[in-house]
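> I'll drop the sequence and a predicted model, then ask my questions.
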Amino acid sequence: GAVVSQHPSRVICKSGTSVKIECRSLDFQATTMFWYRQFPKQSLMLMATSNEGSKATYEQGVEKDKFLINHASLTLSTLTVTSAHPEDSSFYICSASSGEQFFGPGTRLTVL
Amino acid sequence: QKEVEQNSGPLSVPEGAIASLNCTYSDRVSQSFFWYRQYSGKSPELIMSIYSNGDKEDGRFTAQLNKASQYVSLLIRDSQPSDSATYLCAVPGGGADGLTFGKGTHLIIQP
């Protein structure tokens, strides 16, 4: 299957700071990438669809001004959590689609 | 809003037996269905995809789809302790086919 990487794998930050998470498709070009969030003992919830060269599409209830998505190239999408608060602590997972979705290893964000 | 339902378990199966995982979905027009395996603290890994009614086999895994009943299942033959994980059923449901996941079934294979 296709390989998707994420960086960083784990980040701890203070409340009020911003955190950027990178998602890369390593062996294929992805015009569309997806960002998911998973809270403990819950399933993955789609946050937004990242489209190369255009604005992201956000799911209902996800604040676009808080979760900034940039899809600057066919292999890179970034998610920036702005002014992070403890309730934003979660496991953030990206995926890239080549027909089927392949997931990155995830980024565990802890906001103190 | 598409919904995907799974029994959260835990489902406990003896080693070597067949594990049967079930999933129902709400949207009759769904055309593709996916099973992912997720180990604790890790991201999901694609196990099977199925698009047509009937069975699809891949090694020890068999996916079964019944669109009329809006039901998809995953069978794991000769279950191994390494199969112990949470199994997530997913259908395209978000923008540009972002996935809607069920809550997952926690499978435990007992040695």
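Ah, there it is.
> From here on, just use CA atoms for contacts and neighbour counts.
OK.
> where does chain A have low pLDDT?
A:1 (pLDDT under 70).
> residues in it within reach of chain B, list them.
Residues of chain A lying near chain B by C-alpha under 8 Å from any C-alpha of the partner chain: A:32, A:34, A:42-46, A:48-49, A:57, A:59, A:93, A:101-106.
> ranges for the strands of chain B?
Ranges of strands within chain B are B:4-5, B:11-14, B:19-25, B:33-38, B:45-50, B:54-58, B:61-66, B:71-76, B:85-92, B:99-101, B:105-110, based on DSSP state E.
> Now A:Arg108: phi and psi?
phi -90, psi 120 (degrees, to the nearest 10).
> Now do the contacts for it.
A:Ser9, A:Arg10, A:Val11, A:Ser89, A:Ser90, A:Phe91, A:Tyr92 (C-alpha atoms under 8 Å, 6 or more residues apart in numbering or on different chains).
> try 10 Å
By C-alpha atoms under 10 Å, 6 or more residues apart in numbering or on different chains, the contact list for A:Arg108 reads A:8-12, A:37-38, A:89-93, B:41-42.
> go on, B:Gln6?
B:Gln6 touches B:21-25, B:73, B:87-89, B:101-105, counting by C-alpha under 10 Å, 6+ apart.
> hmm, back to that, the contacts of A:Arg108: which two are farthest apart?
Greatest spatial distance among the contacts of A:Arg108 (C-alpha to C-alpha): A:Ile12 and B:Lys42, at 17.8 Å.
> Now do stretch B:90-106, average pLDDT.
Averaged across stretch B:90-106, pLDDT comes to 85.
> Kindly report the same for stretch B:72-82.
Averaged over stretch B:72-82, pLDDT sits at 98.
> near chain A, anything from that stretch?
No. Against chain A, stretch B:72-82 shows no contacts by C-alpha under 10 Å from any C-alpha of the partner chain, the least distance being 17.4 Å.
> Work out the gap between that stretch and the centre of the chain.
10 Å (C-alpha atoms, centre = their mean, to the nearest Å).
> how about it: buried residues?
B:Val72, B:Ser73, B:Leu74, B:Leu75, B:Ile76, B:Arg77, B:Ser79, B:Gln80 (16 or more other C-alpha atoms under 10 Å in any protein chain shown).
> what's the answer for stretch A:60-70, then?
Under the neighbour-count criterion of 16+ other C-alpha under 10 Å, stretch A:60-70 has A:Lys64, A:Phe67, A:Leu68, A:Ile69, A:Asn70 buried.
> B:Asn53: what's its closest spatial neighbour, skipping adjacent residues?
Nearest non-adjacent residue to B:Asn53, counting by C-alpha to C-alpha, 6 or more residues apart in numbering or on different chains: B:Leu65, 4.9 Å away.
> Go through the contacts of B:Gln6 and name the one nearest chain A.
For these, the residue nearest chain A by C-alpha to the nearest C-alpha is B:Lys103; the value is 4.8 Å.
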